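J.: Quick one: sequence and predicted model below, then my questions.
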2 protein chains.
Amino acid sequence: MDFFDVVSIEEARGRLMKAFEDYQLAREEVLILKCTDRVLAEDIHSDIDVPEFNRSTVDGYAIRSKDSHGANESIPSLLTILGEVRMGEIPKYKVGPGEAVYVPTGGMIPEGADGMVMIEYTEKLDETSLMVYRSISFNENIILKGDDIKKGAIALRRGRRIGPEMVGVLAALGISKVKVYEKPKFYIISTGDEIIGLDEKLEMGKIRDINSYALHSLIMQLGGEVVGRTIVRDNYELLRSEAERAIDIADIVLISGGSSVGARDYTGRVIDSFDGKGVFVHGISIKPGMPTIIGEGRRKLIFGLPGHPVSSIIVFKAVVEQYIRQKMGIIDIMPRVKATMDFNFPSSPGKETYQTVKLKEIDGKFYATPSFGKSGMITLLSDSHGYIVIKSHEEGVYKGEDRDVFLL
Amino acid sequence: MDFFDVVSIEEARGRLMKAFEDYQLAREEVLILKCTDRVLAEDIHSDIDVPEFNRSTVDGYAIRSKDSHGANESIPSLLTILGEVRMGEIPKYKVGPGEAVYVPTGGMIPEGADGMVMIEYTEKLDETSLMVYRSISFNENIILKGDDIKKGAIALRRGRRIGPEMVGVLAALGISKVKVYEKPKFYIISTGDEIIGLDEKLEMGKIRDINSYALHSLIMQLGGEVVGRTIVRDNYELLRSEAERAIDIADIVLISGGSSVGARDYTGRVIDSFDGKGVFVHGISIKPGMPTIIGEGRRKLIFGLPGHPVSSIIVFKAVVEQYIRQKMGIIDIMPRVKATMDFNFPSSPGKETYQTVKLKEIDGKFYATPSFGKSGMITLLSDSHGYIVIKSHEEGVYKGEDRDVFLL
């Protein structure tokens, strides 16, 4: 009865990468005001020093540090004030022995000076006489030219998801546009005779299309674009013509549903009907999510995802998202917390198991309880905070064990 | 010299919440295809049962479970097949004693049946005769009406950041639009005579505006909207007229910069010049970020953020983001990982210290190393994975200690 040829998730991922090894994600240039959460598609080299000049990190006086040596509350150094440096201006003065120039925080250090004494440790006797009550060391309170970013250095690496601090680096370098990966284009097809859209009247025996909405949201979070989204009856011809439309305009086609045997068969046959490698993964040993199909037609990637909403979300995360992350070379850390399991849970041998859990925080420590429910219940996910991954060689989870919980 | 009246971060947050206790965030209705990562501003009640009928979770036969009792490989039960239920259709048959009806996964369970036997454990002898080789229990392989979501229940609570699984729940309930919080409108003013925009030529003594770009990115990640972004010289009149334009169109005004004493003074004076409570926080004992001003003018919230990019990002996260989260009642878990500190680090007594760290993963465990650098260096953040928060009553961090690292 079972026509699947189930492989491990590692094998499935491997076949997928191999089938598309020559495939390059497209890149595009975007303004840095539009690049947040996109993935950097180039290394960023600095062609300037940041800062480009020695800057003060305090409000105070630029001096020769030697002139402060030995100074303290009872025996101050007496220096001559030449004047002040204004913000954003090149200093008019050179600091010689026994001389001082006022510099505000961020101001340029005048030539000759090699330290800043904070204004709190000085006293102005008159317009030109300064008492310094503390000794400073060489380069104290100065950020030197190139201290932050050196000219010629790689400031940011390809594959990083761009956050505020990276936008800050780009601005510091005077870069207004960066190359990021184009948003992968997805086309979502929900199949099933029982599936109806949100705009249709719910009749007995029918159920609402959940998958196309949940997948749409997953694609938004991943940073993709949805170029089409439809419901198709369980019919080979209808599915094939919709899939043909999809591969014309999308990079990745997600066919979800077809949990009944006949319908599953259609998805595989449709993929095989296009020029290309056809179906190369027909079942993955993950739980939930076994009845997953992966194939290639006309150089486009086509997934047959399970009909159960939870399975389809898990497979998206475990396979589709993982593929995009690998292709983009994403190097960020997956959001997750460490939690103590407060349950024993035997997993299915030989299967990678995704178990949804609820978290409770007690004194800054997380405890995880499994969310149990019947297969296909969407509340299994929506009532959970995250999930744990039990590898296929593991026997399960033991109470008291600490595990990574990946946040939903 | 120091004209700040520094308060603890808790006190600063408390004064901020109190000053805006009557302030209600606006709400708007959005399509569920547009609601990902927005924050739910209403409880979602279910006005239907999900599913609305008893559904099969497997491909197989709907039977009276009693008819399978005692059945096994050697002594199967023999049942009469009445026909099949098609996906999305109301069953034409009622299952009586000794009878079976074929139902695909997701199909509706016919009246009279109280269990599904998987097709794998049956054998069809002819069109009407079925051998059942396994005993099933009451309601086995059936998801009952309302099992997923009960009619009248609260399916989703206000304050949750909407993810794919929640979009799935909304679709299941037939809800196409939800109320979310409007994106808070920010206006960013970067001040400083030394600050120049990305489109200007970099002259010696000047530096690029980093803050307005980094803050813009923080606002994007927070789910806000930037309605204005400008650079203003250190001049009271110019700053006041820009701030006036800002409070006209924004909910929150961020004035960043003014690290020099005079400029800091302008920000406070500008806030106090408008009708309202004026400045109510003038210095926060956090590190970095002390010279932070919070005030109210014409019912709008105005922040004076430090000029150092790192300080300004940290204050945004610790105060601005925190305020929005509290106002929206956000109940999600902040992305963070637990890491073992591989360093001793004494913190400043009485100050809440935000220390940036780099993470290293060894055998699934994270180790944190501090990122050190001079005050104001943007690479302090961009070369870090996250930060730890050392509370003001703590003396620092000890090597070997496990701490939460909040991810950047």
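T.: All right, it came through fine.
J.: does residue A:237 sit in a helix, a strand or a coil?
T.: Secondary structure, DSSP: H, G, I helix; E, B strand; the rest coil: residue A:237 is helix.
J.: residues near it, how many?
T.: Using other C-beta atoms under 10 Å in any protein chain shown, residue A:237 is surrounded by 10 other residues. Glycine gets a C-beta too; all of them are placed from N, C-alpha and C.
J.: how about low-confidence regions in the stretch 1-150 of chain A?
T.: Scanning the stretch 1-150 of chain A for pLDDT under 70 picks out A:1-3.
J.: Any idea which residue of it lies closest to chain B?
T.: Relative to chain B, the nearest point of the stretch 1-150 of chain A is residue A:88 (3.4 Å; C-beta to the nearest C-beta).
J.: Now do the contacts for the closest residue in space to residue A:54 that isn't next to it in sequence.
T.: Excluding the flanking residues, the one nearest residue A:54 by C-beta to C-beta, 6 or more residues apart in numbering or on different chains is residue A:109, at 4.1 Å. By C-beta atoms under 8 Å, 6 or more residues apart in numbering or on different chains, the residues touching residue A:109 are A:53-56, A:62, A:85, A:91, A:103, A:116, A:142.
J.: Closest to residue A:34 out of the residues you listed?
T.: residue A:55 (29.9 Å; C-beta to C-beta).
J.: For the closest one, grab the count of nearby residues.
T.: 25.
J.: where does the spatially closest residue to it that is not a sequence neighbour fall, phi/psi-wise?
T.: Of all residues not flanking residue A:55 in the chain, residue A:143 sits nearest, at 5.0 Å (C-beta to C-beta, 6+ apart). With angles defined as degrees, to the nearest 10, residue A:143 sits at phi -100, psi 120.
J.: circling back: please pick the buried ones from the contacts of residue A:109.
T.: Buried members of those, counted by 16 or more other C-beta atoms under 10 Å in any protein chain shown: A:53-56, A:62, A:85, A:91, A:103, A:116, A:142.
J.: just to revisit the earlier point, correct me, but the residue nearest to residue A:55 touches residue A:57?
T.: Yes. The pair residue A:143 and residue A:57 qualifies as a contact (C-beta atoms under 8 Å) at a distance of 5.6 Å.
J.: and those two? which has more neighbours close in?
T.: residue A:143 (22 against 19).
J.: quick one, helices of the stretch 101-250 of chain A?
T.: In the stretch 101-250 of chain A, the segments counted as helices under DSSP state H, counting those that start in this stretch are A:164-172, A:211-222, A:236-249.
J.: ranges for the strands of the stretch 1-150 of chain A?
T.: A:27-31, A:44-45, A:55-56, A:60-63, A:77-84, A:99-103, A:115-118, A:122-124, A:129-132, A:142-143 (DSSP state E, counting those that start in this stretch).
J.: Out of these, which is the most enclosed?
T.: strand A:60-63 (a mean of 28; mean count of other C-beta atoms under 10 Å in any protein chain shown).
J.: what residues does that strand touch?
T.: Residues contacting strand A:60-63 (C-beta under 8 Å, 6+ apart): A:56, A:79, A:81, A:85, A:95, A:99-103, A:109-110, A:113, A:115-122, A:130, A:132, A:136, A:141.
J.: Which of the helices of the stretch 101-250 of chain A sits closest to residue B:238?
T.: helix A:164-172 (21.8 Å).
J.: With chain B in mind, check whether that closest one reaches it.
T.: Yes. Applying C-beta under 8 Å from any C-beta of the partner chain, one finds helix A:164-172 touching chain B at A:164-172.
J.: Quick check: of those, which has the highest neighbour count?
T.: Busiest of these [other C-beta under 10 Å] is residue A:168, holding 29 neighbours.
J.: ok, then the element right after the helix or strand harbouring residue A:380?
T.: In the assignment (DSSP states H and E), residue A:380 maps to helix A:379-382. As assigned by DSSP H and E, the chain's next helix or strand after helix A:379-382 is strand A:386-390.
J.: Pairing partners for that next one, with directions?
T.: Paired strands of strand A:386-390, with direction, are strand A:352-362 (antiparallel), strand A:402-407 (antiparallel) (DSSP bridges).
J.: Show me what the residue nearest the centre of chain A bridges to in the sheet.
T.: Centroid-nearest residue in chain A: residue A:161, 4.5 Å away (criterion: C-alpha atoms, centre = their mean). Beta-bridge partners for residue A:161, by DSSP bridges, are residue A:39.
J.: that older thread, as a markdown table, the helices of the stretch 101-250 of chain A with mean pLDDT would be great.
T.: A markdown table is the format used below for these (pLDDT from 0 to 100):
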| stretch | mean pLDDT |
| --- | --- |
| helix A:164-172 | 97 |
| helix A:211-222 | 97 |
| helix A:236-249 | 97 |
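J.: Determine which stretch of those helices is the most buried.
T.: helix A:164-172 (a mean of 26).
J.: quick one on the thing from earlier: so which of the buried ones among the contacts of residue A:109 is the closest to residue A:330?
T.: For those, the nearest to residue A:330 is residue A:55 (34.5 Å; C-beta to C-beta).
J.: dump the residue contacts of that closest one.
T.: Per C-beta under 8 Å, 6+ apart, neighbours of residue A:55: A:106-109, A:142-143, B:207.
J.: what pairs with it across the strands?
T.: With DSSP bridges as the rule, residue A:55 is bridged to residue A:108, residue A:143.
J.: how near is the residue of chain A most remote from its centre to residue A:81?
T.: The C-alpha centroid of chain A is most remote from residue A:126, which lies 56.7 Å away (C-alpha atoms, centre = their mean). Distance of residue A:126 to residue A:81, given as C-beta to C-beta, to the nearest Å: 9 Å.
J.: go on, residue A:134?
T.: Using C-beta to C-beta, residue A:134 is found at 17 Å from residue A:81.
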